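Q: Attaching a predicted model along with its sequence, questions to come.
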Amino acid sequence: MKFRAQILAAALALASLESAVSFVPSNSVQSRQRANVGDSVMNMVATATEIATADVGTNGESRPRKTREERLEAASRGLQVHCVGLSIHHAEVEVREKLAIAENDWNTASAEICAGGDVEEAAVLSTCNRFEVYYSASDPRAAMASVTKYLAERSNLPVSVLRKNLFMLSGDDAVWHIMRVSGGLDSLVVGEGQILSQVRQCHLHSIEEDGSGGKVLSRLLNNAVAAGKRVRSETAISKGSVSISSAAAELSEAMSQKVLNLPFSEARLAVVGAGKMTRLLVTHLASRGLEKITIVNRSLGRPQELQEQFPDVDIEIKLMDDLWDVVGQSDIVYAASSATDYVIDEQKMEENGLASGRPLMLVDIAVPRNIGEDCNKLKNVVAYNVDDLKAVVAKNTAMRQKEMIEAENLLREEADQFIAWRESLSAIPTINQLQERANLFREEELNKCTRKLSNANLSERELEAVERLSRGIVNKLLHGPMAHLRKTESIEGKQATLKELNAMFRLDDEVKVRGRRGVRRR
């Protein structure tokens, strides 16, 4: 009994090895080539396992769990990434503000986009200068129609009007777009850092419990964040003006003498709102020598926090009830509140006796807008919004052309890495077939040996040991092919390896192997 299990294990090992070699045609490739390709598939095993076990329904709703076959089929097709949206480059602020979504509602919007079933994964990115939906789907046409319909309903704009302002990107173009966005190359202020933080938040929200990012989209957003960090650490793209707030400070400083007939250093400044944009604005104004500013807000909490953050700046806090007194005493008023309606417009200015012709500059850096465009009708009042900041940043863009070229080279590397990973998902069916076929041979030989030694009276423990041994043999035989595929980095290399594996192991053979009858031994 002492040596019985060992003898049986050795016999099983030889039989399993003979069976595993038998399904590799000896004349398919040279033995050395088999060893090389044999070093091939394991790179994707983790991916195969994750895809096969993940629940595609990521929108938080009760969706039927797809079968294993359906998930593998979807993985083999590969979910293509798409992007639809509008930005300061393509749409007027009047259209952008109709689609603006607060960050707290990004996941809700993503779930609504996925609810129809045409979109597998989705993530929303909504900022002052852009509104974009990134999504993945196996049927691009149906998904695009579904997303466009959602946007039209949300904005209350006809689809015909919406399409004139939307841009739509698919596949590699969508991947390249998010890389440029994260790198700051698509921003109004080239290289600004705020967008990287916003893309990072988009990724973090997509992987939350109620997020709809899914495997492919969350991987893309994570890669985009890494790409944005790399661009800022390896190039000088972020030097100079790095945000809309910075551009607003630069614009007001440049236009102060012309509009107010007053040096910027002597102008009395005020800002409506006390959020992130205001904090950034005060930061850039302080770098220009700001000594005093008035902050008007609905509550005292955030303005008091800003007082603590900027001890060298004399910050006077006023509540919204004092708004018009503050406007009347200021030369430049910045608007950066979260209000959805105009805080300042022509009618309100007239009602509060502020249409006397005193020079006043209004700078609106909020979306939706806080300042009505009709304020420009008032004598000696000049109002700017985020679209007016394009001229301010034109010179910065020209100065950064060299850095943009270097940044694009880095972003291309990161984009290629994601595209290669996405293409690698097509290897999942091959990996699955290879594992299933190898396991079938293992089970055949295991059953054959146990039948021949049925009189050996093996214990359950000894049978388990033999089972583990047979699995170990198969795993070691497959380790070589899987390791080789892990080393194959290029898309073309992976495709060539997969083709060779299919030929070598005859995975395209339609014969259903059931028992030893279905196997042609060589």
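A: Yep, it's here. Numbering: from 1, shown residues only.
Q: Quick one: the strands in the protein, in order.
A: Along the chain, the stretches classed as strands by DSSP state E are 80-87, 121-126, 130-137, 167-170, 269-272, 292-297, 314-319, 332-335, 360-364, 381-384.
Q: any chance of those in TSV, plus mean pLDDT?
A: Below are these laid out as TSV (pLDDT from 0 to 100):
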stretch	mean pLDDT
strand 80-87	92
strand 121-126	95
strand 130-137	94
strand 167-170	94
strand 269-272	98
strand 292-297	97
strand 314-319	97
strand 332-335	98
strand 360-364	97
strand 381-384	96
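Q: Switch the ones you listed over to TSV; also include distance to residue 156 and mean neighbour count.
A: In this view, the C-beta of every residue, glycine as well, is placed from N, C-alpha and C. Shown next, in TSV, are the strands of the chain (distance: least, Cβ to Cβ, whole Å; neighbours: other Cβ atoms under 10 Å):
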stretch	distance to residue 156	mean neighbour count
strand 80-87	15	23
strand 121-126	17	27
strand 130-137	15	26
strand 167-170	20	16
strand 269-272	27	25
strand 292-297	30	22
strand 314-319	33	15
strand 332-335	24	27
strand 360-364	23	26
strand 381-384	25	21
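Q: export the ones you listed to JSON lines and tack on distance to residue 98?
A: Putting the strands of the chain into JSON lines (distance: least, Cβ to Cβ, whole Å) gives the following:
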{"stretch": "strand 80-87", "distance to residue 98": "10"}
{"stretch": "strand 121-126", "distance to residue 98": "12"}
{"stretch": "strand 130-137", "distance to residue 98": "9"}
{"stretch": "strand 167-170", "distance to residue 98": "16"}
{"stretch": "strand 269-272", "distance to residue 98": "22"}
{"stretch": "strand 292-297", "distance to residue 98": "26"}
{"stretch": "strand 314-319", "distance to residue 98": "30"}
{"stretch": "strand 332-335", "distance to residue 98": "19"}
{"stretch": "strand 360-364", "distance to residue 98": "16"}
{"stretch": "strand 381-384", "distance to residue 98": "20"}
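Q: now do the same end-to-end measure for stretch 252-271.
A: End-to-end distance of stretch 252-271 (Cα to Cα, to the nearest Å): 13 Å.
Q: actually stretch 163-181, not the one I wrote
A: Note: stretch 163-181 ends 21 Å apart using Cα to Cα.
Q: roughly how far is it from the heart of the chain?
A: 12 Å (Cα atoms, centre = their mean, to the nearest Å).
Q: Identify the residues contacting that stretch?
A: 80-87, 90-92, 95, 125, 130, 132, 134, 140, 144, 148, 151, 186-187, 195, 199, 220-221, 223-224, 227, 408, 411-412, 414-415, 418-419 (Cβ atoms under 8 Å, 6 or more residues apart in numbering).
Q: mind listing the helices for the stretch 101-250 of the chain?
A: 106-114, 140-155, 159-165, 172-183, 194-206, 214-234, 244-260 (DSSP state H, counting those that start in this stretch).
Q: any idea of the angle the last one forms with helix 194-206?
A: When axes from the mean of the first three to the mean of the last three Cα atoms, to 10 degrees is applied, the directions of helix 244-260 and helix 194-206 differ by 140 degrees.
Q: just checking, what packs against helix 244-260?
A: helix 276-287, strand 332-335, strand 360-364, strand 381-384, helix 390-399 (3 or more Cβ pairs under 8 Å, 6 or more residues apart in numbering; DSSP states H and E).
Q: repeat for the longest one
A: For helix 214-234, the packing partners by 3+ Cβ pairs under 8 Å, 6+ apart come out as strand 80-87, strand 121-126, strand 130-137, helix 172-183, helix 194-206, helix 401-424.
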